[in-house]
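[1] okay, sequence plus prediction incoming.
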Amino acid sequence: MDRFVAGSSTVLDIGLSRLTGLMHQRYGIRVDALGFLGDEPIETGRSWWFDLNLAAHRERWRSDLPGYDVIVMAEVIEHLYVAPSYVLAFLSTLLVQGGRLIIQTPNAVALHKRLEMLVGRHPYEPIREALNDPGHFREYTKRELVGAVQAAGFRVEEWRAARYLDYRYVHHDGPPSRGTGALMNAVYRVMPPSLQPGQMLVAAKVE
């Protein structure tokens, strides 16, 4: 993000989280958030309410938000049950011309998911009963993600894959997995991009 954020940049984080505060601290600028909080001031800037699943209904899009130079959508798109074309088209209306959309999301065909399927295990958990945290509805491959972003009128500037997690601490409610977790970390250090567990994409608004 350092290439796109300056002292005068306006930034919107999709889903208020610890990342919102970290970006605010790193760049010393206001960082707004879009999500399930109401329209109200927050510590880093301002919160705007909008359920991105409503993006399937154009008449419900919000048109009263300011334009942003950068929108960050980290670990969000996989939690939405509507087609990404709706969501990306809506987010495009919140970006200024030439603004950047940064998406970070899991890789649907990461190595460990392929191996689980080979041994007959489903690589994805069932949809949870918790309505406020149903889990992942749909993960995307590189081709799917790039295609959806381009179809929404963005120009893809960068795509990269990486291991974002330390697999020793995947299970937050238990002790670190020093055996399997450490092995997973070592394996992913040498895996090609197509097999990495996470992906990040930067796109510019051109229309």
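    Everything's here; your move.

[2] give the buried residues for the worst-scoring helix or strand of the chain on mean pLDDT.
    Taking mean pLDDT, DSSP states H and E as the measure, the helices and strands of the chain show their lowest mean at helix 180-188, namely a mean of 81. Residues of helix 180-188 classed as buried: 181, 184, 188 (neighbour count, 16 or more other Cβ atoms under 10 Å). Where C-beta positions appear, they are placed from N, C-alpha and C, glycine not excepted.

[3] helices along the protein, start to end?
    Secondary structure of the chain, counting by DSSP state H: helices at 18-27, 84-92, 111-118, 142-151, 180-188.

[4] geometric centre of this structure: which residue is closest?
    Most central residue of the chain, judged by C-alpha distance to the mean C-alpha position with Cα atoms, centre = their mean, is residue 74 at 2.5 Å.

[5] follow-up on the earlier one: so which of the helices of the chain gets nearest residue 195?
    Of all these, it is helix 111-118 that lies closest to residue 195, at 4.1 Å by Cβ to Cβ.

[6] who are the contact partners of the closest residue in space to residue 191 that isn't next to it in sequence?
    Excluding the flanking residues, the one nearest residue 191 by Cβ to Cβ, 6 or more residues apart in numbering is residue 111, at 5.7 Å. The neighbours of residue 111, taking Cβ atoms under 8 Å, 6 or more residues apart in numbering as the test, are 187, 188, 191, 195, 196, 197.

[7] look up the pLDDT of the third one for me, please.
    By that I understand residue 191. Predicted confidence (pLDDT) at residue 191: the value is 84.

[8] what number of residues lie near it?
    The criterion is other Cβ atoms under 10 Å. On that basis, residue 191 has 15 neighbouring residues.

[9] before we move on, the earlier item: okay, the helices of the chain in TSV with distance to residue 12 next?
    As requested, these are exported to TSV (distance: least, Cβ to Cβ, whole Å):
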stretch	distance to residue 12
helix 18-27	10
helix 84-92	9
helix 111-118	30
helix 142-151	17
helix 180-188	31
